[in-house]
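A.B. asks: Here is the input, now give the coordinates:
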Amino acid sequence: MAVKSGGYISVPGSESGTQSARTTEITSTTPSFTFQTYTTTCNVMVVGGGGASGTWNYGRGGGGGGGGGMVLYDSMPVSGHGGAGFPITVGAGGGSSPRTNGTDSVFSYPGDTLTALGGGKPNPISDPYGGSAGGADGGGEPGPFPGRQPAQSGNSGTKGFGNDGGTSNSSWPSHGGAGGGGAGAAGTSANSVGDGGKPGGNGKDVGPSFPGHSWSIPTTSTFAGGGGGGRNTRNTGTLGTGGTGGGATAPGNGTTNTGGGGGSGPVGQGGSGIVVVHEPATPFSFIRGIWNIQGQYVQKKAGTWT
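C.D. replies: Below you'll find the predicted structure:
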């Protein structure tokens, strides 16, 4: 026998409850990420691979690699796609031989594509800049090199983060290298005679978008830091420190799955990118049997009609 409940007519077997929250770290390219059944919105972070650093040569310090670009989209609408699979690309960090930019990370679903650019390596100036730019080589092309992520079209730009690499004074080949830009701050410039390597820009803390999540990446909730610049081989200047969020202190490689830029030196690879998806707890009602128009309207308006 039917019973009246909440404005619609249901029969035994109807269900209601709350779908549990879930946060998923995606650290390698996958052909099919699947949302939970009742997910209607999610918070998404997409980070491109970090850029490689410059090297020490001709008596000048190389610049730090730029952190990968970041796209952070809170409350992204995904209603009606529960159970469907979507492809995700996780970008690689820039290589050290030859020195290269990081590659892009991409999150696609019907209605939008979020692309986080790979981080930029330092000189030459003819190379395209990354999500965050590499720092200038000491005594080389002075920069500044702009981070391009915020200039991207659509949500990739309006919800994007990436900053400039630091500059260096081209009149003085004895300068250390500038720091690479990070998702949270620009790289530090090296514009004084005898400077050592300069720090990379800090990454961005995304913890508030992923409440209660225990991070497996060893940078807590901060990602896409810039790499540190190298000191001049003619002086005893300090080595540039990496920005928070996986940026490497010179010489060193950016941290895997953070989008951190490489630190100037004989190594200096960028860290690979990452995609993280948070599905908040979601109430649902699953109705079996018959219903009236008012009940259907209420359910659809609440996003719980199945």
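A.B. asks: can you pull out the helices in the chain?
C.D. replies: Across the chain, reading from the start of the chain, the helices by DSSP state H fall at 155-158, 293-302.
A.B. asks: rank those helices by mean pLDDT and give me the bottom one.
C.D. replies: Within the helices of the chain, the stretch with the lowest mean pLDDT is helix 293-302, showing a mean of 66.
A.B. asks: Disregarding residues adjacent in the polypeptide, which is nearest to the residue positioned nearest the centre of the chain?
C.D. replies: Most central residue of the chain, judged by C-alpha distance to the mean C-alpha position with C-alpha atoms, centre = their mean, is residue 47 at 2.1 Å. Leaving aside its chain neighbours, residue 47 sits nearest to residue 259 (3.8 Å; criterion: C-beta to C-beta, 6 or more residues apart in numbering). For the C-beta atoms, the positions are set from N, CA and C on the backbone; glycine is no exception.
A.B. asks: what do you get for residue 17?
C.D. replies: For residue 17, the nearest residue in space outside its immediate sequence neighbours is residue 284; the separation is 6.4 Å by C-beta to C-beta, 6+ apart.
A.B. asks: My read is that that neighbour contacts residue 39, right?
C.D. replies: No: the pair formed by residue 284 and residue 39 falls short of the contact definition of C-beta atoms under 8 Å, at 9.9 Å.
A.B. asks: now residue 250: how far from residue 262?
C.D. replies: Distance, residue 250 to residue 262, using C-beta to C-beta, to the nearest Å: 9 Å.
A.B. asks: Between the two, point out the one with more neighbours.
C.D. replies: residue 262 (42 against 35; other C-beta atoms under 10 Å).
A.B. asks: From residue 203, how far off is the more buried one?
C.D. replies: Counting by C-beta to C-beta, the separation of residue 262 from residue 203 is 14 Å.
A.B. asks: who touches both of residue 250 and residue 262?
C.D. replies: In the contact map built from C-beta atoms under 8 Å, 6 or more residues apart in numbering, the residues linked to both residue 250 and residue 262 are 53, 64, 227, 268.
A.B. asks: Measure how buried the second one is and give me the count.
C.D. replies: Under the neighbour criterion other C-beta under 10 Å, residue 64 is assigned a count of 54.
A.B. asks: what's the answer for residue 118, then?
C.D. replies: Burial of residue 118 is recorded as 32 neighbouring residues (other C-beta under 10 Å).
A.B. asks: Quick one: residues contacting it.
C.D. replies: Residues counted as contacts of residue 118 (C-beta under 8 Å, 6+ apart) are 48-51, 68-69, 91-92, 94, 101-105, 130-131, 270, 273.
A.B. asks: From residue 270, how far out is it?
C.D. replies: On the measure of C-beta to C-beta, residue 118 and residue 270 end up 8 Å apart.
A.B. asks: Now for the two: what residues contact both?
C.D. replies: A shared contact of residue 118 and residue 270, defined by C-beta under 8 Å, 6+ apart, is any residue touching both; here these are 49-51, 68, 94, 102.
A.B. asks: Of those residues, which pair is most distant in space?
C.D. replies: With C-beta to C-beta as the measure, no two of the shared contacts of residue 118 and residue 270 lie farther apart than 68 and 94, at 9.4 Å.
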